[in-house]
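Trainee: pasting the structure only:
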């Protein structure tokens, strides 16, 4: 039973940021992104969200790297690899590494791969697979790999029919496969002509054979195409939230589930304090049962360039939400105590701490 279990205010407004869960800790880190008053001269900032106390913290780093958005962040061996992204209309070709222990930055690769933004990055068998995105006024469909051990980029020979060139799609890793859904393309792809297309297909990339294949939907209504949504892997299912389709000028707040074994789509209605319609938000798994949605934007001018640029007309967001895929009886009871404003002064201290974390002024639970 999916349930939105908490809404958290008090964060910074962020759009097109990258989130990662720090292994072995309660922290989620947010890297970069922009907001309406974006300052291109400032450095990329890092904020931490404590999933235990539901509080935000800004991290002090001894070094800095250029601010960016539409990048990716991948954790490997106590380091976070921030890959590509863009500033102004210029995409980066660079890999910056954040050491989780020393809180320091190192640039390990620059101008060694195709510059791109709005791409995806998935770690499988110690390789980061970077897929699609866009570079200036051109959409991409290519696959490149980055080895975080040797710090070497490669472009493997790829078979099968690749997804149409696109950016701001989603990609989730399951086993040795990557499932790609949605995104934005163009009638004249790979070139950008402002005649947008929103693919509705699901494609599978087999990392063992480096081969693309089509995933044939067996049941369920295929959802409307979208871009700048989010997706995480939960068991055999791909959980999709939000996004935007310019052709119908609609922002989404729906929860979609694609079962990769049964090849079926379904729409899930989750009770609780749910996010407003949005796109370009950050999202990641907190643990095996929960995901975090943070920030994004939910209104503004239509895109007029191949990649998103900050605009004062957008309503950028700072709120965060926790979705629990399988709430335990204990978690449901804690939520009921808070919702009904019950006295918990006589319960064990460990439960009091958990309840206090849910009754801060910046937290709403239902």
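Mentor: Cool, got the structure. None of these values were measured; they are calculated from a predicted model. Numbering: from 1, shown residues only.

Trainee: which elements pack onto the strand or helix carrying residue 330?
Mentor: Element membership of residue 330, judged by DSSP states H and E, is helix 329-339. With contacts taken as 3 or more Cβ pairs under 8 Å, 6 or more residues apart in numbering; DSSP states H and E, helix 329-339 sits against helix 349-357. Where C-beta positions appear, they are placed from N, C-alpha and C, glycine not excepted.

Trainee: by how many degrees do the helix it packs on and helix 329-339 diverge?
Mentor: 50 degrees (axes from the mean of the first three to the mean of the last three Cα atoms, to 10 degrees).

Trainee: contacts for helix 349-357?
Mentor: 52, 53, 54, 334, 337, 338, 344, 345, 347, 363 (Cβ atoms under 8 Å, 6 or more residues apart in numbering).

Trainee: any idea how many residues pack against the first one?
Mentor: By that I understand residue 52. 11 (other Cβ atoms under 10 Å).

Trainee: one more: the second one?
Mentor: The tally of other residues near residue 53 (other Cβ under 10 Å) stands at 16.

Trainee: check the third one too.
Mentor: Applying the criterion other Cβ under 10 Å, we find 20 residues in the vicinity of residue 54.

Trainee: is it true that residue 125 touches residue 176?
Mentor: Yes: applying Cβ atoms under 8 Å as the test, residue 125 and residue 176 come out as touching, 7.0 Å apart.

Trainee: which one's more surrounded, the two?
Mentor: residue 176 (12 against 8).

Trainee: quick one, what contacts the more buried one?
Mentor: The contact partners of residue 176, by Cβ under 8 Å, 6+ apart, come to 124, 125, 206, 207, 208.

Trainee: run through the bridge partners of the third one.
Mentor: In other words, residue 206. Residue 206 forms beta bridges with residue 177, residue 211, as assigned by DSSP bridges.

Trainee: so what's it up against?
Mentor: Counting by Cβ under 8 Å, 6+ apart, residue 206 touches 176, 177, 212, 213.

Trainee: of the residues you listed, which is the most crowded?
Mentor: The most crowded member of those is residue 212, carrying 19 neighbours; neighbours defined as other Cβ under 10 Å.

Trainee: how many other residues sit next to the nearest residue to that one once chain neighbours are set aside?
Mentor: Distances taken as Cβ to Cβ, 6 or more residues apart in numbering put residue 160 closest to residue 212, at 3.4 Å, once the chain neighbours are dropped. Other residues lying near residue 160 total 14 when counted by other Cβ under 10 Å.

Trainee: look at residue 160 and report its pLDDT.
Mentor: Residue 160 is assigned a pLDDT of 96 by the prediction.

Trainee: thought it was touching residue 141?
Mentor: No: using Cβ under 8 Å, residue 160 makes no contact with residue 141, being 11.5 Å away.

Trainee: tell me which strands and helices the helix or strand harbouring residue 130 is in contact with?
Mentor: Using DSSP H and E, residue 130 maps to strand 127-135. For strand 127-135, the elements it packs on are strand 72-76, strand 79-83, strand 90-91, strand 120-124, strand 138-147, strand 177-181, judged by 3+ Cβ pairs under 8 Å, 6+ apart.

Trainee: quick one, which of those is nearest to residue 236?
Mentor: The minimum distance between residue 236 and those falls on strand 177-181, with 10.5 Å, by Cβ to Cβ.

Trainee: next SSE downstream of that closest one?
Mentor: Following strand 177-181 toward the C-terminus (DSSP H and E): strand 185-186.

Trainee: rounded mean pLDDT for that following strand, please.
Mentor: Here the average pLDDT along strand 185-186 is 96.

Trainee: packing partners of it?
Mentor: Partner elements for strand 185-186 (3+ Cβ pairs under 8 Å, 6+ apart): strand 196-197.

Trainee: direction included, what does the strand it packs on pair up with?
Mentor: Applying DSSP bridges to the sheet, strand 196-197 is found paired with strand 185-186 (antiparallel).

Trainee: what does the strand it pairs with rub up against?
Mentor: With contacts defined as Cβ under 8 Å, 6+ apart, strand 185-186 is touched by 139, 164, 165, 166, 192, 193, 194, 195, 196, 197, 198, 199.

Trainee: can I get the residues you listed in TSV with distance to residue 251 and pLDDT?
Mentor: Formatted as TSV, these follow (distance: Cβ to Cβ, whole Å; pLDDT from 0 to 100):
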residue	distance to residue 251	pLDDT
139	22	97
164	23	96
165	24	97
166	19	97
192	22	90
193	24	91
194	19	88
195	21	93
196	15	95
197	18	96
198	13	97
199	18	96
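
Trainee: of the residues you listed, keep whichever come out buried.
Mentor: 139, 164, 165, 166, 192, 196, 197, 198, 199 (16 or more other Cβ atoms under 10 Å).
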